[in-house]
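Engineer: this one's sequence-less:
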């Protein structure tokens, strides 16, 4: 066995390495959605029970002086709810909060963090059902959310040839926001356009209601936690399909355009900037208009084909696009 | 609001502080067991779905050179299965593994760690259903386990006056084992009695089958992750009762007696040493003999009364016992 660093194989290599060791979940008839989907779902009675789990670590996923403790708490819940939303018509019900805390953490910080958890759980009518607290060197937030769905869950696989690729809103804001924070920290007096971008980084909103409205019409669904480029790649790969993506149709906010005036930069954020937590889905052409009525913010950015490749077009001319986003290791 | 350090209020103070902010789970008719129990359980169809979550952090809960990566993986699963066992007749079904890994972690370490996860999940017929991997400064292992029960879950509250307090096996081994490691590290050539104690620290076994066998007769149940003294305190408190505990009836292994010959020291380990993961339960006197037939390792160490106090006796003489175990903060 080679003894190599994980930084050299990357997160997806690591997941592949581990995946192979696991039981084949297809063998279990109770499992509705497994590894590769945004949540794991199993049948219990007439319910689909969906479970998602994510971990945020201080100075890697958040910095104490870039966001308030309440924002950190809020975001920890929102990003997990986003994984529940990515399964379609599923209600998040129970949240479990595992916390690692340095012994010197102030009570005021912990209470504010919990206020963030609590308010966000209240917003989604979720109960904080449990968790644990352990000593750690840095703040660690490990959230597990349990959702219950009565209807069919929508998986990341399932896109059909000819389906349109839709997104629920603009892309690139969160990535632009974190770029500002890395560049200028919190000392700078930001203008309102910049503050918008930073708030999109610190205060993402799960597209849960949007998911509920449109899920019954979708053929596949995921959330864009690692950016549009990565998500479209995973969605087409898992569906065994390819796609043409029309870059000039990717919606970009006016704030992003004002702060980063160079179009190439805007597209970089839109394609590779992570943490927008918008939904990316596929839908048969016949339902595309209906969906835009249900959720007017929806844009269609491409079309599924049978090529097994994702091609990017600008003004109907193919563009070479290479991944330049964040590497987890 | 005061800004104090959490180390000064301790873990239980912290949990109390946070608990108050939560919704009252008694309001929700689907919730079968909530905060305070070893797992959170809710009704879904005819099933009780039980969820437990725990986090282990390098150099706080384990050290890389005190246990093999496979042992670390195995223990992470066992201690969570123990929380499922503490709910009675519940089958652990799905495991979720959140990992924080320093970028320089070797592939061989990760694979061995996963072999520990996988083998232990296989042993319990559990599927590794998901999880995530993030970058961290130290190794973080966050496990969530979902169990399914068809029968009534047994809670930590429910002990009745006159019930006997039973335990599934000896106490103190794991605490004695970690004490040896702290004192001598791994350099020492340990004898077989010492190796037994260290292996009880590194290779705990959840008492799952024992729980399945006896659960229908129990009035209350918990696992002794924080030691016998703490668990008896919580069980009686949650049941609104008190107890007499007969220290000389607490079973202590011959290995522990050989390595630590001083009786006072043995009792310290038995009462305050954590991580034995034995079950502690209460049962009506009429069923006590039957249980010992089902699980011969069972000992009865005390009796529930209505006093709301836990008193300790040695040779029928009351002893003053004060907590001297591990403080989490």
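Structural biologist: Done, it's in. Please read all numbers here as calculations on a predicted model, not as lab measurements.

Engineer: now do the SS call for the nearest residue to residue A:49 once chain neighbours are set aside.
Structural biologist: Leaving aside its sequence neighbours, residue A:49 sits nearest to residue A:42 (CB to CB, 6 or more residues apart in numbering or on different chains; 5.6 Å). Heads up, the C-betas are built off the backbone N, CA and C, glycines and all. Following DSSP: H, G, I helix; E, B strand; the rest coil, the label given to residue A:42 is strand.

Engineer: was I right about residue A:42 contacting residue A:87?
Structural biologist: No. Residue A:42 is beyond contact range of residue A:87, at 11.9 Å (criterion: CB atoms under 8 Å).

Engineer: please, where are all the helices along the stretch 101-250 of chain A?
Structural biologist: A:107-123, A:173-184, A:192-202, A:208-214, A:228-239 (DSSP state H, counting those that start in this stretch).

Engineer: so which of those helices gets nearest residue B:188?
Structural biologist: Proximity to residue B:188 (CB to CB) singles out helix A:107-123 among those, at 40.0 Å.

Engineer: list the buried residues in that closest one.
Structural biologist: Residues of helix A:107-123 classed as buried by neighbour count (16 or more other CB atoms under 10 Å in any protein chain shown): A:107, A:109-118, A:120-121.

Engineer: now swap in stretch A:226-242 and tell me
Structural biologist: Neighbour-count burial for stretch A:226-242, counted by 16+ other CB under 10 Å, picks out A:226-232, A:234-236, A:238-239, A:241-242.

Engineer: same question for it, mean pLDDT?
Structural biologist: When pLDDT is averaged over stretch A:226-242, the result is 96.

Engineer: cool, stretch A:279-289 as well?
Structural biologist: Here the average pLDDT along stretch A:279-289 is 98.

Engineer: state which one residue of chain A is found closest to chain B.
Structural biologist: Relative to chain B, the nearest point of chain A is residue A:45 (1.7 Å; CB to the nearest CB).

Engineer: which phi and psi does the nearest residue to that residue once chain neighbours are set aside have?
Structural biologist: The shortest distance from residue A:45 to any non-neighbouring residue, by CB to CB, 6+ apart, is to residue B:45 (1.7 Å). With angles defined as degrees, to the nearest 10, residue B:45 sits at phi 60, psi -130.

Engineer: ok, back up a step: contacts only, for the residue nearest to residue A:49.
Structural biologist: Contacts for residue A:42 (CB atoms under 8 Å, 6 or more residues apart in numbering or on different chains) come out as A:30, A:31, A:32, A:48, A:49, B:93, B:94, B:129, B:146.

Engineer: give me the neighbour count for the third one.
Structural biologist: The tally of other residues near residue A:32 (other CB atoms under 10 Å in any protein chain shown) stands at 21.

Engineer: what does the fourth one give?
Structural biologist: Residue A:48 has 24 neighbours, counted by other CB under 10 Å.

Engineer: do the same with the last one
Structural biologist: Other residues near residue B:146 number 27, with proximity taken as other CB under 10 Å.

Engineer: just to revisit the earlier point, pull the contacting residues for the residue nearest to residue A:45.
Structural biologist: A:44, A:45, A:46, A:47.

Engineer: and the second one, what's its pLDDT?
Structural biologist: Same thing as residue A:45. Per-residue pLDDT puts residue A:45 at 88.

Engineer: ok, now residue A:34?
Structural biologist: With respect to pLDDT, residue A:34 scores 81.

Engineer: pretty sure it contacts residue B:96?
Structural biologist: No. At 11.5 Å, residue A:34 does not count as touching residue B:96 under the criterion of CB under 8 Å.

Engineer: identify the contacts common to the two.
Structural biologist: Any residue near both residue A:34 and residue B:96 by CB under 8 Å, 6+ apart counts here, and that gives A:40, B:129, B:130.

Engineer: what strand or helix carries residue A:300?
Structural biologist: Mapping residue A:300 onto the secondary structure by DSSP states H and E places it in strand A:299-305.

Engineer: run through who's touching that strand.
Structural biologist: Residues from elsewhere that reach strand A:299-305 (CB under 8 Å, 6+ apart): A:159-167, A:232, A:236, A:239, A:241-246, A:249-251, A:282, A:288.

Engineer: swap in 7 Å and give it another go.
Structural biologist: For strand A:299-305, contacts defined as CB atoms under 7 Å, 6 or more residues apart in numbering or on different chains pick out A:159-167, A:236, A:241-246, A:249-251, A:282, A:288.

Engineer: give me the sheet partners of it and which way each runs.
Structural biologist: Partners of strand A:299-305 in the sheet, by DSSP bridges, are strand A:164-167 (antiparallel), strand A:242-246 (antiparallel).

Engineer: distance from the chain centre to the shortest one, please.
Structural biologist: Counting by CA atoms, centre = their mean, to the nearest Å, strand A:164-167 is centred 16 Å from the centre of its parent chain.

Engineer: so which residues of chain A form strands?
Structural biologist: Remark: strands assigned in chain A by DSSP state E are A:31-33, A:40-44, A:47-57, A:90-101, A:127-135, A:140-149, A:164-167, A:220-223, A:242-246, A:279-283, A:299-305, A:310-314, A:317-319.

Engineer: can you put those strands in TSV and add distance to residue A:64?
Structural biologist: Compiled in TSV, the strands of chain A are given as follows (distance: least, CB to CB, whole Å):
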stretch	distance to residue A:64
strand A:31-33	35
strand A:40-44	31
strand A:47-57	12
strand A:90-101	12
strand A:127-135	17
strand A:140-149	12
strand A:164-167	32
strand A:220-223	26
strand A:242-246	37
strand A:279-283	30
strand A:299-305	36
strand A:310-314	38
strand A:317-319	40
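
Engineer: return the most buried member of those.
Structural biologist: Of all these, strand A:279-283 carries the top mean neighbour count, a mean of 28, counting by mean count of other CB atoms under 10 Å in any protein chain shown.

Engineer: which of the contacts of residue A:42 sit farthest apart?
Structural biologist: Maximum distance among the contacts of residue A:42 (CB to CB): 14.6 Å, for A:48 and B:93.

Engineer: still on that earlier bit, which single one of the contacts of residue A:42 is nearest to residue B:139?
Structural biologist: The shortest approach to residue B:139 among those belongs to residue B:129, at 21.2 Å (CB to CB).

Engineer: tell me the contacts of that closest one?
Structural biologist: A:34, A:40, B:94, B:95, B:96.
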